[in-house]
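Participant: prediction below, plus the sequence it came from.
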Amino acid sequence: MQTVMLRAICALAALSLIAAPASPPVDAVAFATAFKAGQADQYKNTQVSGTGVSFHGAVKERVADGSTRTALVITLGAAPAGGPVAPILTWDEFTAAERSRTTLVVALSGPSLPVVPSRPAKITFSGVYDGQVRTIMRLPQPGDTGPDSGPCPGEQDARGATGAFYCAPLLTGATATIVPER
């Protein structure tokens, strides 16, 4: 009798897990803001989705097997300290955010990300944050107003290359779609 009861309880528990709706994805701006504040661990193994603009274009990343695939860096907006996140839609807005070190971004890695055009493109995306990060290079510009945070931990260049670098959260298993221009 105890075996039958135990099996029934296990079956009901399994059924409730299967029938339970998956939690909705976390908003990318809230996630990236938490990452920037050093509080991204609460989102580990969580689906993150949002919309942003690709100003960096497609980036070729090397996969462990030696092959390459497309990766993307998506700009979500400008996040000044203590202020609201403002959308970035033009090159001028992007350049100003880069100079002031307020750019809010996520990096995407996935097996079939689209190759984005060389001009800024609006992208909708989704991926899982599993704790990985990606170092993003910022081209130094005249008028830069602040220091960069530097490369992600463990991604420092052993050759001592100089430049402006900052760390972004990496969403794995990512999917992305280019939003058609209207």
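Facilitator: Cool, the structure landed. Numbers count the residues shown, from 1 in each chain.

Participant: any low-confidence regions in the chain?
Facilitator: Scanning the chain for pLDDT under 70 picks out 1-22, 139-163.

Participant: so how far is residue 46 from the most centrally placed residue in it?
Facilitator: The residue lying closest to the centre of the chain (C-alpha atoms, centre = their mean) is residue 106, at 2.4 Å. According to C-beta to C-beta, to the nearest Å, residue 106 stands 13 Å off from residue 46. For glycine as for every other residue, the C-beta is placed from the backbone atoms N, C-alpha and C.

Participant: in this structure, where's the longest strand?
Facilitator: strand 121-138 (DSSP state E).

Participant: which strands or helices does the next helix or strand after that one pack on?
Facilitator: Tracing the chain past strand 121-138, the next element assigned as helix or strand by DSSP states H and E is strand 164-178. Applying 3 or more C-beta pairs under 8 Å, 6 or more residues apart in numbering; DSSP states H and E, we find strand 164-178 packed against helix 28-36, strand 68-78, strand 103-109, strand 121-138.

Participant: nearest residue to residue 33 in space, please, no chain neighbours.
Facilitator: Distance criterion C-beta to C-beta, 6 or more residues apart in numbering; nearest residue to residue 33, sequence neighbours excluded, is residue 79 at 6.1 Å.

Participant: oops, could you answer that again for residue 90 instead?
Facilitator: residue 120 is the one closest to residue 90 (C-beta to C-beta, 6+ apart), at 7.4 Å.

Participant: burial count for that neighbour?
Facilitator: 19 (other C-beta atoms under 10 Å).

Participant: quick one: it from residue 79, how far?
Facilitator: 18 Å.

Participant: pretty sure residue 106 is touching residue 32, no?
Facilitator: Yes: the pair residue 106 / residue 32 is scored as a contact, 5.5 Å apart, by C-beta atoms under 8 Å.
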